[in-house]
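Participant: let me see the structure of the following:
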Amino acid sequence: MDKYSNKIRISLPVLIFFAILIGIVPVIIGEVFRLDPELLKKAEQKYGPSARSLLVSWEKLIISDTSNNDLQKLEKVNNFFNQVEYIEDIYHWGQKDYWATPVEFLVTFGGDCEDYTIAKYFTLKAMGVEEEKLNLTYVKALTYNVHHMVLTYYSTPGSEPLVLDNIEKDIRPASQRSDLLPIYSFNGTGLWLAKERGRGKFTGSSSRLQRWQDLMSRISAGNM
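Facilitator: Next up, the predicted model:
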């Protein structure tokens, strides 16, 4: 097994996806993804017509998708969000580390690696990609000597993951990303600590996922 998929599973409270969607997308008609017109109006009033236009483009990306497979969806979503400007949290939000919702990320026209990853994760779920195939993965970007987040996609359990990244724009298998050292990964149902070269230990989950839980609270409350 590769260094991304050799993991220890830690139980967390289950976060129901449809409850999450209610926050991101206040109106869902049947199974169709729809942004609340009131949200679009508020976005335009606060951030301008370009913010509304970007949200509408996001909605269209999801509801007009005709992809034949997951790989095509990954490409579309990765390309869409990688057009957004990278801005560090301290300059963008006045905070050292802030995890933005997909709506916040788009209407403010910028974000950092966590924001790209979170937006891609929720968008792919809305497009029908199964949650168990997606992980938000913390890594160390060895080239820059910084901690970084990417989205990893597993076509089948135990398969080599594909890496969706805002630094390296092309989607590549993990084996071709020797510049990334995985630390831990998670999604809505669990946290995994990576075991590099067969070693790894449990270090607890509450502090690591505090920002994730805060993000879920804001999304569930319907906050932008």
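Participant: from here on, just use CA atoms for contacts and neighbour counts.
Facilitator: OK.
Participant: and the next element down the chain from the helix or strand encompassing Glu104?
Facilitator: Following DSSP states H and E, one finds Glu104 within helix 102-107. Later in the chain than helix 102-107, the nearest helix or strand by DSSP H and E is strand 110-111.
Participant: so what touches the next helix or strand after that next one?
Facilitator: The helix or strand immediately downstream of strand 110-111 is helix 113-126, counting by DSSP H and E. With contacts defined as C-alpha atoms under 8 Å, 6 or more residues apart in numbering, helix 113-126 is touched by 33, 62, 73-74, 77-78, 81-82, 86, 99-102, 105, 131, 134-136, 148-151, 164-166.
Participant: switch to 6 Å and redo it
Facilitator: Ala100, Pro102, Met149, Val150, Leu151 (C-alpha atoms under 6 Å, 6 or more residues apart in numbering).
Participant: would TSV of those with secondary structure, distance to Ser50 and neighbour count be doable?
Facilitator: TSV is the format used below for these (DSSP: H, G, I helix; E, B strand; the rest coil; distance: C-alpha to C-alpha, whole Å; neighbours: other C-alpha atoms under 10 Å):
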residue	secondary structure	distance to Ser50	neighbour count
Ala100	coil	18	26
Pro102	helix	16	24
Met149	strand	27	26
Val150	strand	27	26
Leu151	strand	27	27
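Participant: in CSV, list the residues you listed along with pLDDT and distance to Leu55.
Facilitator: Supplementary listing: those in CSV, determined by pLDDT from 0 to 100; distance: C-alpha to C-alpha, whole Å:
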residue, pLDDT, distance to Leu55
Ala100, 94, 15
Pro102, 94, 9
Met149, 96, 23
Val150, 97, 22
Leu151, 97, 21
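Participant: would you mark the buried spots in the helix holding Glu104?
Facilitator: For helix 102-107, the neighbour count (16 or more other C-alpha atoms under 10 Å) marks Pro102, Val103, Glu104, Phe105, Leu106, Val107 as buried.
Participant: repeat that for stretch 71-91.
Facilitator: Going by 16+ other C-alpha under 10 Å, stretch 71-91 has these buried residues: 73-74, 76-79, 81-82, 84-86, 88-89.
Participant: return the subset of these lying in strands.
Facilitator: Of those, the ones assigned to strands by DSSP state E are Glu85, Tyr86.
Participant: from the buried residues of stretch 71-91, which single one is nearest Glu44?
Facilitator: Val84 (17.6 Å; C-alpha to C-alpha).
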